[in-house]
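Undergrad: need coordinates for the following:
(chains A and B)
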Amino acid sequence: MAKTRDLYTEELVLNMGPHHPSTHGVCRLILKMDGEVITDCIPVVGYLHRAIEKIVENRTYAQCIPIMDRFEYVTAMMCDWAFCLATEKLTKLEIPERAEYLRVIMGELNRIASHLLCIGVTALDLGALTPFLYTFRERELILDLFEMTCGQRLTYNYIRIGGVARDIPPEFIPKCREFLNIINPKIDDYEKILTENPIWIARNKGVGIIPEQMVYDYAISGPSARASGVNYDIRKHDTYSIYDRFDFDIPVFFGCDSYDRYRARLAEMRQAARIIGQALDQMPEGEVRVKVTAAFKTEPGEVYSRIENSRGEMGIHLISDGSKKPFRMRARGGSYNHLMAVPEIVKGLKIADLVAVFASLDIIMPEIDR
Amino acid sequence: MELAPIFTWLYNRLLTVGLGLELTDIISLAALAVIVFGFLSVMALFLVWWERKFAGHIQQRFGPMMTGWHGVLQTIADAVKLIQKEDIVPAAADRKVFFWAPVIVFVCSFAAYVVIPFGNGLIVSDLNIGILYVIAITTFTIISLLMAGWASNNKYALLGGMRSAAQAVSYEVPMVLAVLGVVLVTGSMSMNDIVKGQSAWGGFHWNIVFQPLGFLIYIIAATAESNRTPFDIPEAEQELVAGYNVEYSGMKFAMFFLAEFVNMFTLSAVATTLFLGGWNGPLLPSWVWFLIKTLGMVLVFMMFRWTYPRLRVDQLMEFAWKALVPLAFVNLIYVGIMARWVNW
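TA: Numbers count the residues shown, from 1 in each chain, chains lettered A, B, ... in the order given. Alright, predicted model coming up:
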């Protein structure tokens, strides 16, 4: 553009990422800025692409599970679960009662761990460094439980086709109950340090509005949808596993903003703790796994199964040709839809709000790039 | 222990030895500068360590533990590391401005101590416009932040520099108005006179008792002035990676970093002098009282930092202009009325 006689100004194009401390992975956002105000935002994905869906085609079903751990490593348990559920649906495999309970316990523990991470990181992104350490302190207890069960702290490879890898050690149940006793007071602590904090409210309330219609338009799911007044939870509305046996509520908020997304996560953690408590009470003794041979084959066919992940619907679309390996696998994670909604949400907001919105949607890059 | 007599003795001694008047002046001033600079450097290193320990204990960890007793040597180790590092200048940077920015911030933050009364008679130069001088020289650091942001040729740095300039301009106003309340009561801008004005009641005739609102406005503005949470938007690491100093490394970065802590100490010292009675206090020597009060103020700033989230840039401006400035005017009117008719 030629310089005119008037003072020529141009928009500031800011490349936020891929190496930026608050894009939660390697996300790149091309921002057009008018001073501090964002006029346009283009997300660029793919920096973390590992071709998981293709790798899966070249492995036997049992070998797929460790790969699925890496699909989205914040809630690896649930990724395993989603894949196993799809496979079992395809073969119509019944799994033992105790294994179902163990899956629910592990899945809900993982949900709490994931929400703790999200809340801590949101606080960190808003400049409050201390709550991050507090939430990680509690997350550590969950990771200890996982380590005790399957020897791993991040990528578990615990939920297997036909059940779970092994039974829990005897000291698991008392430790887990101990954790359930402390998590609710700890959540109260977070409420004290964040929910009632005037700066926290000023930064979150009314920021990053997702109206109800936008939830449908972008297929936003999970706590982010429930914070916009959409009462939709796959655990209740398309029940899988044994979730129909537990008494729990679905927290729905109507603020549509970052603040309510944060509150929805807090409330969900309390509900997850409730579910774990009931599961521990009801859990029967018995086998934890149906023997599945190395030459395990599914029926030819196609299946879509979905679970409620900590950040939205996690679906596995599996096509089998009857061989030992999946013919095609396609996974759906909640974060992708959330990221695609970000440009529309942040237009006209400040750059500091972008960080807050990004964190409040709990976007995890490996789930998007796969 | 008072340093002033020693200084006078040294001065007279040098004169009697037979050095000229000018040379004596230069030598004795240089000696003073070295003493103040040495004290502040050690204090800044200590404050970095203290903040890390304090933050650690707030966050249920220990902070530095490995270097020395409870990690006391950690900052020195860090400083040594930073000195050894390669000094990187971005290819497209404005080299001169890039070089001078940390120098100016460093010099300005130390220069403020010329008029700080560390104790009874422990003052380098009792300027009759002392407080005005402090405000002027600490504001000068903002120019260097802007220089750093501009010269780095980095968009994050530029945004950080711009933010710091906007912030300083906004918060300077309520800060000066709050200080004005004290000046109004004391009737002098000399730091020594301000301290002596609070020496009644056995050293507890503090200005904070009569101007609590002024004190509150001052510490809020001071937090903003020193770029600390909840007003640390110029260096908001989650938005701007590191803000104005993102391109700095090695010794230049260390200068920014140390200057930040010296600045925090300055603002605490000024708050002590203006509102907390300065070095006044019973029993203990005056400089001990000064240090206790100042470090107490530092602790308050640290507590802010490790408990609060950060404000957004527009909320920051709104807070300054819509809340603090009107309140500062109210405070000033109140102080004026009280000083005229009630006569504290």
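
Undergrad: output the longest helix belonging to the chain.
TA: No chain specified, so I'll use chain A. Longest helix of chain A, by residue count under DSSP state H: helix A:97-125.

Undergrad: ah, no, chain B please
TA: Chain B, longest helix under DSSP H: helix B:21-58.

Undergrad: for the next helix or strand after that one, buried residues please.
TA: Where DSSP states H and E defines the elements, the next helix or strand beyond helix B:21-58 is helix B:74-84. The neighbour-count criterion (16 or more other C-beta atoms under 10 Å in any protein chain shown) identifies B:74-75, B:78-79, B:82 as the buried residues of helix B:74-84. From N, CA and C alone the C-beta is placed, and that goes for glycine too.

Undergrad: so the very next helix or strand once past helix B:74-84 versus helix B:21-58, what angle?
TA: Scanning forward in sequence from helix B:74-84 by DSSP H and E, the next helix or strand is helix B:95-111. Helix B:95-111 runs at 90 degrees relative to helix B:21-58, counting by axes from the mean of the first three to the mean of the last three C-alpha atoms, to 10 degrees.

Undergrad: domains in chain B, as residue ranges please.
TA: The record assigns chain B these domain ranges, following automatic domain parsing: B:1-84, B:88-342.

Undergrad: most tightly packed of those?
TA: Comparing those by mean neighbour count (mean count of other C-beta atoms under 10 Å in any protein chain shown), domain B:88-342 ranks first with a mean of 20.

Undergrad: now that domain, how far from the chain's geometric center?
TA: Remark: domain B:88-342 is offset 5 Å from the chain centroid, using C-alpha atoms, centre = their mean, to the nearest Å.

Undergrad: so for it, mean pLDDT?
TA: Averaging pLDDT along domain B:88-342 yields 83.

Undergrad: do the same with stretch A:136-147
TA: Rounded mean pLDDT across stretch A:136-147 is 90.

Undergrad: re earlier: by contact count, what packs against the longest helix of chain B?
TA: With contacts taken as 3 or more C-beta pairs under 8 Å, 6 or more residues apart in numbering or on different chains; DSSP states H and E, helix B:21-58 sits against helix B:3-17, helix B:74-84, helix B:95-111, helix B:250-275, helix B:286-307.

Undergrad: make a markdown table out of the ones you listed and add distance to chain A.
TA: Below are those laid out as a markdown table (distance: least, C-beta to the nearest C-beta, whole Å):
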| stretch | distance to chain A |
| --- | --- |
| helix B:3-17 | 39 |
| helix B:74-84 | 18 |
| helix B:95-111 | 20 |
| helix B:250-275 | 16 |
| helix B:286-307 | 5 |
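
Undergrad: closest one to A:Arg306 among those helices?
TA: Nearest of the helices and strands packed on helix B:21-58 to A:Arg306, taken as C-beta to C-beta: helix B:286-307 at 40.8 Å.

Undergrad: can you name the element that comes right after the closest one?
TA: Counting by DSSP H and E, the next helix or strand C-terminal to helix B:286-307 is helix B:313-318.

Undergrad: for the closest residue to chain B within chain A, phi and psi?
TA: Using C-beta to the nearest C-beta, A:Gly127 is the residue of chain A that sits closest to chain B, at 2.9 Å. Per-residue torsions, A:Gly127: phi 90, psi 0 (degrees, to the nearest 10).

Undergrad: I'd say it and B:Phe231 touch.
TA: No - the criterion here is C-beta atoms under 8 Å, and A:Gly127 misses it with B:Phe231 at 9.8 Å.

Undergrad: just want the phi and psi numbers for A:Tyr158.
TA: Backbone torsions for A:Tyr158, taken as degrees, to the nearest 10, come to phi -100, psi -50.

Undergrad: check contacts around the closest residue in space to it that isn't next to it in sequence.
TA: Using C-beta to C-beta, 6 or more residues apart in numbering or on different chains and skipping the chain neighbours, the partner closest in space to A:Tyr158 is A:Cys150 (4.1 Å). By C-beta atoms under 8 Å, 6 or more residues apart in numbering or on different chains, the residues touching A:Cys150 are A:156-158, A:165-166.

Undergrad: and what of B:Val330?
TA: Applying C-beta under 8 Å, 6+ apart to B:Val330 gives the contacts B:Leu213.

Undergrad: one more: A:Val292?
TA: Counting by C-beta under 8 Å, 6+ apart, A:Val292 makes contact with A:62, A:93, A:160-162.

Undergrad: any idea how far A:Pro251 is from B:Asp314?
TA: As judged by C-beta to C-beta, to the nearest Å, A:Pro251 and B:Asp314 stand 31 Å apart.

Undergrad: try A:Ile368
TA: Applying C-beta to C-beta, the value for A:Ile368 to B:Asp314 is 30 Å.
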